[in-house]
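# just to be clear, the model below is a prediction. Sequence and coordinates:
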Amino acid sequence: MEHQTIREVCFEIMREEGLTTIFSNPGSTEIPFLVNLPSDLRFVLALHEGSVVGIAAGFALGDNSPAFVLLHTTAGLGNAVGAIATARVNHAPLVIVVGQQDRRHLALKPFLAGQLEGLAGNYPLEVLSPVIASDVPSAIRRATYKAKQGRGPVLVIVPMNDWNEPVDLTAAAAPRRVVSSPIGIPAELAEAVEAIRNSKTPAIIAGAGNDSDAGWSALVKLAETLDAPVWQEAFGARAGFPQNHRLHHGQLPADRLHLRETLLGHDLLIVVGTAALRQYPYTDGPLLPDNCKVIVLTYDADEANRSPADLAIIGDPALLCETVNSYLGVSRPKSIESLTGSQNPRVKLYSVDPPVADEALRAAHVFQLLATRIPENTTIVEESPSSRPALEALLPARKPFGFLSAAMGGLGFAMPAAIGLKLKRPDHPILCIIGDGSSMYCIQSLWTASKLGIGVVFIVLKNGGYAVMDRLADNSQAIGPWPSFDDISISTIAAGLNVESVTLEHYQDVIDMLDKVIPDLGSRRTPLVIEVKVEADQTFEP
C-alpha cells in the first residue's frame, strides 16, 4: 500500500476544517506545498504579506471561521507581524503556516533559514513547531481548533521538505473533532442582577464582542428594561449596539478626564463585550467617577482579567444579557428625554451645511451624503483616523457588522480586510472609507481585488498628510518634522494596479458619483477607488 504524504493528509484536514482558500505571498520554501495544487483549493495571491494577512483576516471575520495563510520564512513572517497583531486584537481566527528551510540541514543555518518561533512575539495565540514531519498534519488541526477557540492567529512552522515525506499516522496528536460546550450561566450572575436592581442610575458600555444579531437584540432589551444610556466603547473595532437607537449616546471619550465627566452621576457601569475601559491619551486621575461600580460581561478572558471591575463574568455576552434581563423582569418607567431626539451629542457637533461657492469639501460632507444613500446593512470598513469621530457620529451602524475597524490602531488593515470580507460575502454591500495616508500601507492589495473581481468601493479621503499627527503636534504646541504629501495621487496608483479610479474635488461631483455606484454596492463585481479631496480636520477629539 502506497503511503500518503504529509501534504496529502494536510489537504484532507484543510478540506475537513473548511480551509480551502489559501492566502499567500510565497517563496521558495513554499514550492513543495503549492505546486500542482488540487483544483478544489483556491489560491489567493497578494503582493505584500501585510495585505495577505489583512485579506485573510477580513475573510475570517466574514463568518468568524478560520482562514488559511501561507507565509515565506523570516521575510514573510516579519513583514506580516503588524497585521498578525491586528488580527489578534480584532479576534480574527487564522491558521498561519510559515515555511522554513529544509529540516535536513537546518543545523547549518542555510540561506533562508529563519529564527521564526519568536518573531511575531506574543501576538499569535500559539506557535507550533512540529519536531517530526509526521506531526505536521496534527499541528495544523490543533492550530485550527486553537484559532476557533481563541478567536485569533496561530502559527505552524513547517520545514519545506516535510510536505513530501510519508506520513506516519501513529504520530497523530489531535482529535478528529473538537466541540465546545456552551458556557452556562454562573451563579455569580445573581450578584450582577442584584447590583443592577440596587442601582439608581446605571449606564451601559457596548463593545465589539457584542456585535452579533443575538448580542444586539439582548442588549437592546436590557437597555430598554433599564432605560439606561448606552455608549460605544472608545476605538471599538465593531459596533456592539444599534447606533441609531434612542438610547445610544455615541462613542465614549478615550481619556480619563472626559470619561469621568461623561459618566458623572452614574452609580453602575455595565460593560458588555469589551474590557473596562479603553483609553488613548493618558490623563491624570481616576478612571471613573467616585462611587461608580463596574460589571463586565465578556467572552474574552483577557478582557475580563485586565478590567478594574467589581465583578467580571466570562461567557457569551448575548446569553448573559438575556438572562439578566429575564431576571429583572419589570422595565423602569421611561423618561421623556430618552424617548425624543438623538442622544448622541456628536451628531450635532460634526454636522455641516453643504459647501458654498469655493468652500472646501470636508470629510463630514462625504459622510452625510453616504448616510442618506447606503443600504442599512452596509459594512463600513474604516481607516480614516483624523475623521473617525465624525464618521462614527454621522454614519451610525444600523445593523450588526455595520462597522469594522482595526482594534490595534495600526494602519494597513482596512483596505485588505474589506477585500477579504467581500471575497467571503460577495453579495454584501461593503464600503471602505480610508485616508490617503492609511491607504499607502497596503495599497498593493488593490491588485488582488482587481485580479479576483472583488467589488469593494474604496472612498479615499485625500487631505494630503497625516492629520492626526498634525493635530497631536498642535495639542503639544509644537511643530512636527514630517512633510505633507499632497503630491501623491492614490487614484493614479490604483489605476496602475488595474483598478478603476476617479478623483473628485466638488460636492456635486461626489453626489453624482455616489448616486451612480451606491445602488449596486452589494452586487458590484469590480473594485472602484473614489479619491475625494477634502480639507484636513482641524480638531481631533477621540
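On my side now, so go ahead.
# could you use CA atoms for every contact and neighbour count after this?
Fine.
# show me what stretch 126-139 is in contact with.
6, 9-10, 13, 117, 143, 146, 153-158, 162-163, 165-169, 171-174 (Cα atoms under 8 Å, 6 or more residues apart in numbering).
# just the buried ones from those?
6, 9-10, 13, 143, 146, 153-158, 162-163, 166-167, 172, 174 (16 or more other Cα atoms under 10 Å).
# sitting in helices, which of the contacts of stretch 126-139 do you find?
Counted as lying in helices by DSSP state H, out of those, are I6, V9, C10, I13, A143, K146.
# could I get the residues you listed as a markdown table with distance to S134?
Converted to a markdown table, the ones in helices among the contacts of stretch 126-139 look like this (distance: Cα to Cα, whole Å):
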| residue | distance to S134 |
| --- | --- |
| I6 | 7 |
| V9 | 10 |
| C10 | 10 |
| I13 | 14 |
| A143 | 15 |
| K146 | 20 |
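# show me which of the residues you listed is closest to D310.
Distance to D310 across these (Cα to Cα) is lowest for K146, with 29.9 Å.
# enumerate the beta-bridge partners assigned to the closest residue to that closest one other than its chain neighbours.
Closest residue to K146 apart from its sequence neighbours, by Cα to Cα, 6 or more residues apart in numbering: V154 at 7.1 Å. Assessed by DSSP bridges, V154 has beta-bridge partners V95, E126.
# V95 is in contact with V154, correct?
Yes - using Cα atoms under 8 Å, V154 is in contact with V95, at 5.3 Å.
# give me the common contacts of the two.
With Cα under 8 Å, 6+ apart, V154 and V95 have common neighbours A143, T144, A147.
# what about the longest helix in this structure?
Max-length helix for the chain by DSSP H is helix 73-89.
# that one: which residues count as buried?
For helix 73-89, a neighbour-count test (16+ other Cα under 10 Å) marks 73-74, 76-89 as buried.
# next SSE after the helix or strand hosting L269?
Assigned by DSSP states H and E, L269 falls within strand 268-272. Sequence order places strand 293-298 as the next helix or strand after strand 268-272, per DSSP H and E.
# taking their axis directions, that next one and strand 268-272 sit at what angle?
Our comparison of strand 293-298 with strand 268-272, counting by axes from the mean of the first three to the mean of the last three Cα atoms, to 10 degrees, yields an angle of 10 degrees.
# tell me the strands beside strand 293-298, with direction?
strand 268-272 (parallel), strand 311-314 (parallel).
# and of the ones you listed, who's closest to A203?
Here strand 268-272 is closest among the strands paired with strand 293-298 (Cα to Cα), at 5.1 Å.
# for the closest one, which outside residues touch it?
Identification of contacts with strand 268-272 by Cα under 8 Å, 6+ apart yields 195-196, 199, 201-207, 209-210, 292-298, 317.
# how far does it sit from the chain's center?
23 Å (Cα atoms, centre = their mean, to the nearest Å).
# test my guess that F485 contacts A467.
No - counting by Cα under 8 Å, F485 does not reach A467; the two are 11.1 Å apart.
# can you pull out the helices in the stretch 1-150 of the chain?
Here the stretch 1-150 of the chain has its helices, by DSSP state H, counting those that start in this stretch, at 6-16, 31-34, 49-61, 73-89, 136-150.
# could you redo those helices as TSV and give each row distance to L446 and mean pLDDT?
Converted to TSV, the helices of the stretch 1-150 of the chain look like this (distance: least, Cα to Cα, whole Å; pLDDT from 0 to 100):
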stretch	distance to L446	mean pLDDT
helix 6-16	27	96
helix 31-34	23	96
helix 49-61	9	98
helix 73-89	16	97
helix 136-150	27	96
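# so which of those is nearest E359?
Closest of the helices of the stretch 1-150 of the chain to E359 is helix 49-61, at 36.5 Å (criterion: Cα to Cα).
# packing partners for that closest one?
Judged by 3 or more Cα pairs under 8 Å, 6 or more residues apart in numbering; DSSP states H and E, helix 49-61 is in contact with strand 21-24, strand 67-72, helix 73-89, strand 94-100, helix 414-424, helix 445-452.
# for A214, find the nearest of those.
Using Cα to Cα, the nearest of the helices and strands packed on helix 49-61 to A214 is helix 414-424, at 20.8 Å.
# what about dumping the CA coordinates of the closest one to PDB?
Taking Å, rounded to 0.1, in the frame of the first residue of the first chain, the C-alpha atoms of helix 414-424 are listed here in PDB:
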ATOM      1  CA  ALA A 414      -9.000  48.400   6.200                       C
ATOM      2  CA  MET A 415      -8.100  48.100   2.500                       C
ATOM      3  CA  PRO A 416      -7.100  44.400   2.600                       C
ATOM      4  CA  ALA A 417      -9.800  43.500   5.200                       C
ATOM      5  CA  ALA A 418     -12.500  45.000   3.000                       C
ATOM      6  CA  ILE A 419     -11.300  42.800   0.100                       C
ATOM      7  CA  GLY A 420     -11.200  39.700   2.200                       C
ATOM      8  CA  LEU A 421     -14.700  40.400   3.600                       C
ATOM      9  CA  LYS A 422     -16.200  40.900   0.200                       C
ATOM     10  CA  LEU A 423     -14.500  37.700  -1.000                       C
ATOM     11  CA  LYS A 424     -16.200  35.800   1.800                       C
END
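# what's the angle from that helix to helix 445-452?
Using the same axes, to 10 degrees: helix 414-424 against helix 445-452 is 20 degrees.
# sheet-wise, list the partners of the helix or strand following helix 414-424 with their directions.
Where DSSP H and E defines the elements, the next helix or strand beyond helix 414-424 is strand 430-435. Next to strand 430-435 in the sheet, as set by DSSP bridges, lie strand 379-383 (parallel), strand 457-462 (parallel).
# in TSV, list the ones you listed along with mean pLDDT, distance to A393 and mean neighbour count.
Below are the strands paired with strand 430-435 laid out as TSV (pLDDT from 0 to 100; distance: least, Cα to Cα, whole Å; neighbours: other Cα atoms under 10 Å):
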stretch	mean pLDDT	distance to A393	mean neighbour count
strand 379-383	98	13	26
strand 457-462	98	17	25
